[in-house]
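K.L.:
Just a sequence and a predicted model for now, questions to come.
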Amino acid sequence: MILEVAILDVKPGTEPDFEAAFGEAQGIISSMPGYISHELQHCIEKTNRYILLVSWETLESHTVGFRGSPQYQEWRSLLHHFYDPFPEVQHYVSVFSSADASLRSASMTCRDEVLKAARFLASNSSDGTFSPVEVVRRMERMGTSFSESTIRTHVVSRMCHHAPSNHAVKYDDLERVGRGIYRLR
């Protein structure tokens, strides 16, 4: 996983318009192949400064896939006129994360890890939804020992309210709200 980091200084006084435009633009970036998650944070000390953090599966997902796409042109038209100066974007790989250490606890079941990942994804989603792939990627990033197939089975069947009762133990933690789209109950 790659973390894209951009410090965004917007023209003073345009912060509300920028946030509204970003609210629209985030749907563009979140639909791109290789996208995992994002967050935009507002600086307390410098009111026209933001930090954008975007997690991608690979560097190329961002630099080639997104930036080379027609959707990037729409992203640019929505946001780039707010920046002064134009931001420098950098990419990082994780060395250590407190989330990594806390997830590796031997007492956590697959259900526990799925719930932890789902809560994170839901809190970073505009509509509180997530896909099984996002749960798998989040758990992999956090160092899970569970296989992709085990995680997927938990999301789409064991933990899903709408799934048939073909497991000895079933939980109603999640609900399917669309094809391949889930949310916490």
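P.N.:
Sure thing, it's come through. Numbers count the residues shown, from 1 in each chain.
K.L.:
how about the residue nearest the centre of the chain, what does it touch?
P.N.:
Central residue of the chain (CA atoms, centre = their mean): S37, 1.8 Å from the mean position. With contact set as CB atoms under 8 Å, 6 or more residues apart in numbering, S37 has these partners: 54-55, 121, 124, 134, 138. No exception for glycine: its C-beta is placed from N, CA and C like everyone else's.
K.L.:
what's the pLDDT at S37?
P.N.:
Turning to S37, the model gives it a pLDDT of 89.
K.L.:
Mind listing the strands the helix or strand harbouring it pairs with, and their directions?
P.N.:
Using DSSP states H and E, S37 maps to strand 35-42. With DSSP bridges as the test, strand 35-42 is paired with strand 49-56 (antiparallel).
K.L.:
List the buried residues in the strand it pairs with.
P.N.:
Under the neighbour-count criterion of 16 or more other CB atoms under 10 Å, strand 49-56 has 50, 52, 54-56 buried.
K.L.:
And for stretch 141-152?
P.N.:
141-142, 144, 146, 150-151.
K.L.:
What pLDDT does the model give F130?
P.N.:
So, for F130, pLDDT stands at 95.
K.L.:
mind listing what it touches?
P.N.:
F130 touches 118, 121-122, 181-183, counting by CB under 8 Å, 6+ apart.
K.L.:
Now render those residues as a markdown table, adding neighbour count and pLDDT.
P.N.:
Listed next are the contacts of F130 as a markdown table, based on neighbours: other CB atoms under 10 Å; pLDDT from 0 to 100:
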| residue | neighbour count | pLDDT |
| --- | --- | --- |
| A118 | 25 | 93 |
| L121 | 22 | 92 |
| A122 | 16 | 90 |
| I181 | 15 | 95 |
| Y182 | 27 | 95 |
| R183 | 17 | 95 |
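K.L.:
Give me the subset of those that lies in helices.
P.N.:
Filtering the contacts of F130 for membership in helices, criterion DSSP state H, returns 118, 121-122.
K.L.:
Present those as CSV; the columns should include distance to R67.
P.N.:
Conversion of the ones in helices among the contacts of F130 to CSV gives the following (distance: CB to CB, whole Å):
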residue, distance to R67
A118, 30
L121, 24
A122, 28
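K.L.:
Between which two of the buried residues of stretch 141-152 is the distance greatest?
P.N.:
Across the buried residues of stretch 141-152, the longest distance by CB to CB is 16.5 Å; it joins R141 and T150.
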